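**Student:** Please find the sequence and the predicted model below.
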Amino acid sequence: MTTTRLLQGEITDNLIIEKKDGAGWITFNDPARHNAMSYDMWVAIPKVIKMFEEDDEVRVIVLTGAGGKSFVSGANISQFEKLRTAADAVAEYERVGEEAQGSIYNTFKPVIGRIDGYCIGGGLNLSLCCDVRIASDASSFAIPAGRLGLGYRLTAIRNLVTTVGAAQALDIMLSASRFTAKEAHAKGLVQHVVPVAELDKAVDEYVAKVVSNAPITLRTGKKAIREFQKVAPHIDIAGIKQMVLDCFASEDYQEGKRAFAEKRAPVFRGK
């Protein structure tokens, strides 16, 4: 297998970009923070996706996490005071997050999520932008927004609902529970679960299948499926966006951040 490192020194070191035998790889690389997503990581992703789209040798894109303990554990909480508190900062953070996730979700090339370990919050959102998710049996999944006072943007909710259905999406959101890989598979969050020792083999075999298929056929099929998943025009997009921003402006959000930092249960008051 021939591996070529790309964009080194041009984007954050917290993303490792490689090309391996017809596949473009994006590795989230901040193991000390369980690969939590920083602002710079979000900003770099659209550039990487565009590069892979323009490379005819890249037939499939793979997303994974470094360190063997996490795919992505969520947003980098240490940046929240700087980037997710003031109204302008929140809007900017939401913009770059939306652009990054949209670039993955909307790319015409197939995208595979290789998940090993924590796949939490923003990490689960990222995985749901992938077309196929292959997880080790040691992985765990959650959307803990309810324990933090966060608002979830409409496109992230769309991805969740179109993946697992409304009933399971409500269970995942309202409980803010953490699920095992087996439970995640039963809910439809992932399509394949394999033992940790077999994860690389399973991903490599799936990549090989996709690479051997006709790119135009795959592109057409993916486009048709994505058309069915579009947000309906009558949905109150502006209203939902404002509700998300209201979450970040709430007292509960401030309490959620304090409780997270202090490692205690939050006390929410609905204000």
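**Tutor:** Looks like it arrived, so ask away. Numbers count the residues shown, from 1 in each chain.

**Student:** what sits against Pro110?
**Tutor:** Arg59, Val60, Ile61, Asp131, Val132, Val210, Leu218, Lys222 (Cβ atoms under 8 Å, 6 or more residues apart in numbering). (C-beta placed from N, C-alpha, C; glycine too.)

**Student:** same question, Arg114
**Tutor:** Val62, Leu63, Thr64, Phe71, Ile134, Leu199, Val203.

**Student:** Select from those the one having the most neighbours.
**Tutor:** The residue in these with the most neighbours, by other Cβ atoms under 10 Å, is Phe71 (29 neighbours).

**Student:** Would you agree that residue is in contact with Gly122?
**Tutor:** No. Using Cβ atoms under 8 Å, Phe71 is not in contact with Gly122; the gap is 10.5 Å.

**Student:** Strands along the stretch 1-150 of the chain, start to end?
**Tutor:** 3-6, 15-20, 23-28, 60-65, 70-72, 111-115, 118-120, 132-136, 140-142 (DSSP state E, counting those that start in this stretch).

**Student:** would you turn these into JSON lines with mean pLDDT?
**Tutor:** As requested, the strands of the stretch 1-150 of the chain are arranged in JSON lines below (pLDDT from 0 to 100):
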{"stretch": "strand 3-6", "mean pLDDT": "94"}
{"stretch": "strand 15-20", "mean pLDDT": "97"}
{"stretch": "strand 23-28", "mean pLDDT": "98"}
{"stretch": "strand 60-65", "mean pLDDT": "98"}
{"stretch": "strand 70-72", "mean pLDDT": "97"}
{"stretch": "strand 111-115", "mean pLDDT": "98"}
{"stretch": "strand 118-120", "mean pLDDT": "97"}
{"stretch": "strand 132-136", "mean pLDDT": "98"}
{"stretch": "strand 140-142", "mean pLDDT": "98"}
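
**Student:** For stretch 42-59, buried residues please.
**Tutor:** Using 16 or more other Cβ atoms under 10 Å as the test for burial, stretch 42-59 gives Trp42, Ala44, Ile45, Pro46, Lys47, Val48, Ile49, Phe52, Val58, Arg59.

**Student:** Stretch 18-37 too?
**Tutor:** The neighbour-count check on stretch 18-37 (16+ other Cβ under 10 Å) flags 18-19, 23-30, 33-37 as buried.

**Student:** where do the helices sit along the stretch 101-250 of the chain?
**Tutor:** Ranges of helices in the stretch 101-250 of the chain, per DSSP state H, counting those that start in this stretch, are 122-128, 154-164, 166-175, 181-187, 199-212, 215-228, 237-248.

**Student:** Tell me which of those helices sits most buried.
**Tutor:** Mean neighbour count (mean count of other Cβ atoms under 10 Å) peaks for helix 122-128 among these, with a mean of 27.

**Student:** which other helices and strands contact that one?
**Tutor:** strand 60-65, strand 70-72, helix 87-106, strand 111-115, helix 154-164 (3 or more Cβ pairs under 8 Å, 6 or more residues apart in numbering; DSSP states H and E).
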